[in-house]
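J.: Fold the following, please.
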Amino acid sequence: MILERDVDMVFEKNNDTQKIKKDLRKKMLSKALALPEVYKSDADARITQLLLGLPEYKDANTIFCFVGVEHEINTRPFLDQVLADGKRLAVPLCVGKAVMEARRIFSLDELKRGYYGLYEPDKSSELVPMDEVEFAVIPCLTTDHKGNRLGHGGGFYDTLFNKYNNVPAAIVCRERMCGKVPTEPFDHRFSITVTEDGVFRNNN
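T.: Coordinates of the predicted model:
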């Protein structure tokens, strides 16, 4: 868990929310890269099991989930299980500034390094309409247990889920990365947060 006083120091330096977010992103990325490998592996495995046990996952036929990179949750075991369960799997493809689409894949072997080093499907992959997505898994740099998240600042997930706010979606985050999150009116608040410590639901 991030010490509250450490995050408060970032808040106290500047009362401009954009500046606070920028400073906090740097702090959280450095912290994520420094986490012990054993802790990351254990936390990610627990998060995967909690996701697979959610009723939202079990009831869904179409799943949208990011593909984790080095500092993020390793979602590949989850993605593999989605495919093994016979569900339709869609992953993000960045197609413009703050514009993201859900594209179907049938194997993780289809993924290649693309936008900002993210693993993405080919541009010819099948488009999955977001109104057909029944459960989504969302990344973050940090989040709280109330569904507020801080990403990398591109606005992709906020833009997408502000438009499709009826899609059940879970932020995944290691507990040591959770803490106080600055918010603005356009920031989307997600309904579920999952860490290795449990499932936290935002009903507001």
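J.: part of a strand, is residue 122?
T.: No. Applying DSSP: H, G, I helix; E, B strand; the rest coil, one finds residue 122 to be coil, outside a strand.
J.: Could you count how many residues lie near the residue lying closest to it once chain neighbours are set aside?
T.: Nearest non-adjacent residue to residue 122, counting by CB to CB, 6 or more residues apart in numbering: residue 110, 6.7 Å away. From N, CA and C alone the C-beta is placed, and that goes for glycine too. For residue 110, the count of nearby residues is 15 (other CB atoms under 10 Å).
J.: do the same with residue 37
T.: Residue 37, neighbours per other CB under 10 Å, totals 7.
J.: How about residue 48?
T.: Residues near residue 48, counting by other CB under 10 Å: 23.
J.: any idea how far it lies from residue 122?
T.: 26 Å (CB to CB, to the nearest Å).
J.: show me what contacts the most centrally placed residue in the chain?
T.: The chain has residue 139 as the residue nearest its centroid, 1.4 Å off, counting by CA atoms, centre = their mean. Residue 139 is in contact with 66, 68, 72, 73, 151, 157, 171, 172, counting by CB atoms under 8 Å, 6 or more residues apart in numbering.
J.: I'd guessed the first one sits against residue 137; true?
T.: Just to be clear, that refers to residue 66. Yes. Contact criterion CB atoms under 8 Å: residue 66 and residue 137 qualify, at 6.5 Å.
J.: Helices of this structure, residue ranges please.
T.: Secondary structure of the chain (DSSP state H): helices at 4-13, 17-34, 37-53, 55-59, 76-84, 156-163.
J.: Tell me how far residue 194 lies from residue 109.
T.: Distance from residue 194 to residue 109, by CB to CB: 27 Å.
J.: which one is residue 138 nearest to, not counting chain neighbours?
T.: In this structure, residue 138 finds its nearest non-sequential neighbour in residue 171, 4.9 Å apart by CB to CB, 6+ apart.
J.: What pLDDT is listed against the one you found?
T.: Here the pLDDT value assigned to residue 171 is 97.
J.: which residues does it bridge with?
T.: residue 138, residue 193 (DSSP bridges).
J.: Now for residue 66 and residue 137: what residues contact both?
T.: By CB under 8 Å, 6+ apart, the residues touching both residue 66 and residue 137 are residue 75.
J.: and these two? which has more neighbours close in?
T.: Of the pair residue 66 and residue 137, residue 137 is the one with more neighbours under other CB under 10 Å, namely 25 against 22.
J.: what sits up against the strand ranked longest in the chain?
T.: If you go by DSSP state E, the chain has its longest strand at strand 88-96. Contact with strand 88-96 is made by 61-67, 79, 82-83, 100-106, 111, 114-116, 118-121, 123, 125, 128, 133, 156, as judged by CB under 8 Å, 6+ apart.
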